[in-house]
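**Q** How does the following fold in three dimensions:
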Amino acid sequence: MTDFLQVSTATENREAAVKLAQSVVSARLAAGAQIIGPVVSVFWHQGEFGTGEEWQLLLKVRADRYDEIEAHLLERHPWQSPEVSAVRIVAGADAYLRWVEMTTAPV
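**A** Okay, the predicted model is just below:
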């Protein structure tokens with residue numbers, strides 16, 4: 001079976017999160033996306049300390065397609081330097097992981 005990742009990014013509002021999620025899932029780069037928000041973010045940005053609300057996207061993906069997913073997200077993301085990060089899924093239900101694998105298989 002393929003290795004899997006959960007990729008995350010965030011946007012400043014729900015509409016941008018939905019648009020980005022629809023883009024990556026319709027391209028079959030992610031099997032599905034969960035949008036969580038608003039969440040409170042505390043950060044340093046351009047030398048300034050700040051807090052704000054964001055909408056987080058969690059994408060279930062094949063590890064072997066990470067480079068394509070990252071490029072897709074960076075090209076379409078409304079921010080200049082967005083977070084795009086991934087964590088390995090170390091375990092999961094077999095049927096679920098097979099669904100992720102089959103849904104996102106390269107054509």
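**Q** State whether residue 2 is indeed within a helix.
**A** No. Residue 2 sits outside any helix when classified using DSSP: H, G, I helix; E, B strand; the rest coil, being coil.
**Q** correct me, but it touches residue 64?
**A** Yes. Residue 2 lies in contact with residue 64 (C-beta atoms under 8 Å); the separation is 6.4 Å. Heads up, the C-betas are built off the backbone N, CA and C, glycines and all.
**Q** Checking residue 98 next. Helix, strand or coil?
**A** Here residue 98 is recorded as helix under three-state DSSP.
**Q** Burial check on it, number of neighbours?
**A** By other C-beta atoms under 10 Å, the residues close to residue 98 number 13.
**Q** how close does residue 87 sit to residue 59?
**A** Remark: distance between residue 87 and residue 59 (C-beta to C-beta, to the nearest Å) = 11 Å.
**Q** Kindly apply the preceding question to residue 51 instead.
**A** Distance from residue 51 to residue 59, by C-beta to C-beta: 25 Å.
**Q** can you check residue 52 too?
**A** Residue 52 is 22 Å from residue 59, where distance means C-beta to C-beta.
**Q** could you show me where the strands are in this protein, in order?
**A** Using DSSP state E, the strands of the chain run over 4-11, 32-45, 48-62, 85-88.
**Q** now for those, which one comes closest to residue 79?
**A** Of all these, strand 4-11 sits nearest to residue 79, with 7.5 Å by C-beta to C-beta.
**Q** Specify which residues of this structure, grouped into ranges, have pLDDT under the cut-off.
**A** For the chain, the stretches flagged by pLDDT under 70 are 1.
**Q** Show me what the longest helix along it is in contact with.
**A** For the chain, the helix with the greatest residue count under DSSP state H is helix 14-26. Residues from elsewhere that reach helix 14-26, judged by C-beta atoms under 8 Å, 6 or more residues apart in numbering: 9-11, 30-33, 35, 37-38, 55-57, 59, 69, 72-73, 76-78.
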